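K.L.:
Kindly return the folded structure for what I paste below:
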Amino acid sequence: MFILGNFLAATAKILDIALSLYMWIIIIRALLSWVNPDPYNVIVQFLYSITEPVMARVRQLLPMSGIGIDFSPIIVILLIIFLQEFVVKSLGMFAMQMQ
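P.N.:
Modelled structure (predicted):
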């Protein structure tokens, strides 16, 4: 059982790192939106291609077109924090119990 526990602990750690990295990518994209970057820049295209599917889904679920401010990065960051606090920690605790 300790092998499964170690596997779950490693999975929780990798998931935590991936969620943290994605949160920073969301933050960078939100900051870039303030300066109107070159849309033909490779880095900007990469950031938009990996964040737009999630942000567009949030915009569909919570349409706030009349406000003029895009709250989707804030909602995605809050969702990531929830996943880190609930799913990752629960998975880590379950892994510790199995060891």
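K.L.:
Pull out the buried positions in the strand or helix carrying Met96.
P.N.:
Assigned by DSSP states H and E, Met96 belongs to helix 89-98. Within helix 89-98, the residues scored as buried using 16 or more other Cβ atoms under 10 Å are 91-92, 95. To be clear about C-beta, it is placed using only N, CA and C from the backbone, and glycine gets the same treatment.
K.L.:
okay if I get these as a markdown table plus pLDDT and distance to Arg57?
P.N.:
Formatted as a markdown table, the buried residues of helix 89-98 follow (pLDDT from 0 to 100; distance: Cβ to Cβ, whole Å):
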| residue | pLDDT | distance to Arg57 |
| --- | --- | --- |
| Leu91 | 92 | 24 |
| Gly92 | 91 | 27 |
| Ala95 | 89 | 30 |
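K.L.:
Columns distance to Phe82 on top of the residues you listed, output as CSV?
P.N.:
Formatted as CSV, the buried residues of helix 89-98 follow (distance: Cβ to Cβ, whole Å):
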residue, distance to Phe82
Leu91, 14
Gly92, 15
Ala95, 20
